[in-house]
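Chemist: Return atomic coordinates for the entry below.
(2 chains)
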Amino acid sequence: MRHYLKVGLIFIGALLLFTLFNQRGDESKGVKKKFGQPNKIEVLQEQEIKPDQNINQQQVTKPVAQETNLILVNNKTENFFKNIPRISEFKNNPLPEVHEMPKELHLAGQYLAEMREFFNSHHVKPEIEMSFYLKCSQNDDFFDSIRAICAARMSKKYFEATGKKISPLLFDKKIAALKEQVSL
Amino acid sequence: MRSRIVINVCLSGLLTLTSSLSLAHIKFSKKIPNEQKKLMEYDLKNLSDLSFTDADQSGERLFKTPMTKDNLKKWLFDRSQYIVSEDYDMSKNMKPLQQTYKYPNDIMPDFEKSTAAPVTGNITVVMSNIGAAAYLGGKKAQALIGLDIPGHDVIPVKSPRVGIFKVGAGLFMPLLRNSDNYKTFGHSLKRLTTFFHEARHSDGNAKSLAFVHAVCPVDHMYGGYNACDRNTNGPYSIGATFLKASVENCSKCSESEKEALRVQYTDSFSRILTVARADETSEDAIRAAQDTLRETCENLANLKIDLSQFDACKNIDQANSNSATDLEMPKVGDLDETPERGED
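Modeler: Numbers count the residues shown, from 1 in each chain, chains lettered A, B, ... in the order given. Next up, the predicted model:
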């Protein structure tokens, strides 16, 4: 029994080492796999990453950790774009009360807040955040206020990266105007 | 007719008394659930903990006074007197006090007719300024009416400043999905914003009376509903400006709370109807805007941002500079907020 366990552990260790070396080899050749590709939000298999499914963070080296992070990011952003309530959903339902924020927008705001918290806690690359916020700002089925905040965040990230102001023409007119009201 | 007015005016508003400013003024109906009452008292207490920067000048224009916690508290309490519960039936509690009554004018605000589908299903009450609605009803009938507040007297409604607010469960919705703690500072700000919004309905005279809302245009998210303002100092401006300043100065709010609150104030700003400037744009301005767009697109490409799905970077030469920066806030401007009052 112990023998099998030992063999199993050696096999897992070898596999891990092989993966790491292979990855480093690719990077040294300039083949960066997903990392060097345009930072569009890639559609990955929809899967919830549960804590016990994660590779033991203490044992893996940096490249693997980064890849895990990218999968997490992709999952999180895909979930956001898939599940955030949209204007079309809200318009399909009779509106009992629009004096205050409709519940769909309320929920959409919670999704956006969760993304903010996620980006903050995972130190995601600025380009990835920018891609996310740009995509969010362009979806005309998202609520205007959601799009405006995404546009404002995109503009801020862009300024931090380039030292220049973003062109307002990148955004829909009403969104560009509304984003000026957002203070970050 | 009275119930129709209640809906048209839209209304919503607040609170209690942890400072000398409020103690003498705000009273709760005895039917208010104790938990709600405690939360509102907590919110008022938090109002004393707010701080603002000198930069909040739009707030100073709106509130007619520098934005400080004491000034804001006074502003709110001047417009808030009583809080009644969700099940308060205004028509049943409305008492005729005088068959004829002299109002300062007979001019009513323009009630824009909603073109949206009729309301169906259960209505979640957030908050409504029923004092202003009652004043409008009395003025229309040229009679003096009073509202019977459980546990208090019949209150004669001689001004929209009578400040009677109905509060419902909708006010106490969670700010975040994973938060069932309604006593965070962020939750307080969310609720206080609604109070400030509703308090503005206690203002105005003649055409500006009660600052009734406008119907949102068809291409607006809330197209067809009485859920917009054409002016720059109405309830949505008040609520949004208060919340924006509060969020940016909030050291007790979490980042996710702040983001959720930004959605709330941005939604309010989106309801202040904007108009595009009709000025001709010079060729130079268009060219300069296109150059900026070209530079932006190049920089984004260098940052490896995938732009393939964004039309703006594909048709730069067709881009017109008459956009975002040329859009301005409404031309209607500020309405007269002086509250009218009938004879004593």
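
Chemist: which residues of chain A fall in helices?
Modeler: Here chain A has its helices, by DSSP state H, at A:2-28, A:62-83, A:87-92, A:103-122, A:126-138, A:144-162, A:173-179.

Chemist: I'd guessed residue A:157 sits against residue A:126; true?
Modeler: Yes: counting by Cβ atoms under 8 Å, residue A:126 is a contact partner of residue A:157 at 5.4 Å. All C-beta atoms are positioned from the backbone trio N, CA, C, and that covers glycine.

Chemist: Which one's more surrounded, the two?
Modeler: Neighbours were counted for residue A:157 and for residue A:126 using other Cβ atoms under 10 Å in any protein chain shown; residue A:157 has more, 23 against 14.

Chemist: what separates the more buried one from residue B:297, distance-wise?
Modeler: 16 Å (Cβ to Cβ, to the nearest Å).

Chemist: Quick check: closest non-adjacent residue to residue A:143.
Modeler: Nearest in space to residue A:143, with sequence neighbours left out and distances taken as Cβ to Cβ, 6 or more residues apart in numbering or on different chains, is residue A:105 at 4.9 Å.

Chemist: Show the contacting residues for that neighbour.
Modeler: For residue A:105, the contact set (Cβ atoms under 8 Å, 6 or more residues apart in numbering or on different chains) comprises A:85, A:90, A:143, A:145, A:146, B:263, B:267.

Chemist: now, which of those sits nearest residue A:76?
Modeler: residue A:146 (16.1 Å; Cβ to Cβ).

Chemist: number of nearby residues for the closest one?
Modeler: Neighbours of residue A:146 (other Cβ under 10 Å): 26.

Chemist: That one reaches residue A:115, doesn't it?
Modeler: No: counting by Cβ under 8 Å, residue A:146 does not reach residue A:115; the two are 10.4 Å apart.

Chemist: ok, residues contacting stretch B:292-309?
Modeler: For stretch B:292-309, the surrounding residues in contact (Cβ under 8 Å, 6+ apart) are A:36-40, A:126-127, A:130-131, A:134-135, A:138, A:158, A:161-162, A:164-167, A:169-170, B:312-313, B:316, B:319.

Chemist: Going through these, which ones are buried?
Modeler: A:39-40, A:127, A:130-131, A:134-135, A:138, A:158, A:161, A:166-167, A:169-170, B:312-313, B:316, B:319 (16 or more other Cβ atoms under 10 Å in any protein chain shown).

Chemist: Number of residues surrounding residue B:96?
Modeler: Neighbours of residue B:96 using other Cβ under 10 Å come to 12.

Chemist: Torsion angles phi and psi at it?
Modeler: As for residue B:96, its main-chain torsions (degrees, to the nearest 10) stand at phi -70, psi 120.

Chemist: what's across from it in the sheet?
Modeler: residue B:145 (DSSP bridges).

Chemist: Tell me who's in contact with it.
Modeler: Applying Cβ under 8 Å, 6+ apart, the residues contacting residue B:96 are B:143, B:144, B:145, B:146.

Chemist: mind giving me TSV with these and columns for pLDDT and neighbour count?
Modeler: Shown next, in TSV, are the contacts of residue B:96 (pLDDT from 0 to 100; neighbours: other Cβ atoms under 10 Å in any protein chain shown):
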residue	pLDDT	neighbour count
B:143	97	15
B:144	97	21
B:145	96	22
B:146	97	20
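
Chemist: Show me the two of those that sit farthest apart.
Modeler: B:143 and B:146 (10.4 Å).

Chemist: angle of the longest helix along chain B against helix A:126-138?
Modeler: Assignment by DSSP H gives helix B:283-302 as the longest helix of chain B. Angle between the axes of helix B:283-302 and helix A:126-138 is 130 degrees (criterion: axes from the mean of the first three to the mean of the last three Cα atoms, to 10 degrees).

Chemist: my guess is residue B:173 meets residue A:102, correct?
Modeler: No: using Cβ under 8 Å, residue B:173 is not in contact with residue A:102; the gap is 11.4 Å.

Chemist: residues near the residue in chain A positioned nearest to chain B, how many?
Modeler: Residue nearest to chain B within chain A: residue A:176 (2.8 Å; Cβ to the nearest Cβ). Residues within reach of residue A:176, counting by other Cβ under 10 Å, total 25.

Chemist: Surely it touches residue A:167?
Modeler: No: using Cβ under 8 Å, residue A:176 makes no contact with residue A:167, being 9.2 Å away.

Chemist: and residue B:233, which of the three is it?
Modeler: Here residue B:233 takes the coil state, with states given by DSSP: H, G, I helix; E, B strand; the rest coil.

Chemist: and it, how many residues sit next to it?
Modeler: 26.

Chemist: For it, list the residues it contacts.
Modeler: B:61, B:62, B:200, B:334, B:335, B:337.

Chemist: just to revisit the earlier point, report the angle between the longest helix of chain B and helix A:144-162.
Modeler: Going by the same axes, to 10 degrees, helix B:283-302 is angled at 80 degrees with respect to helix A:144-162.
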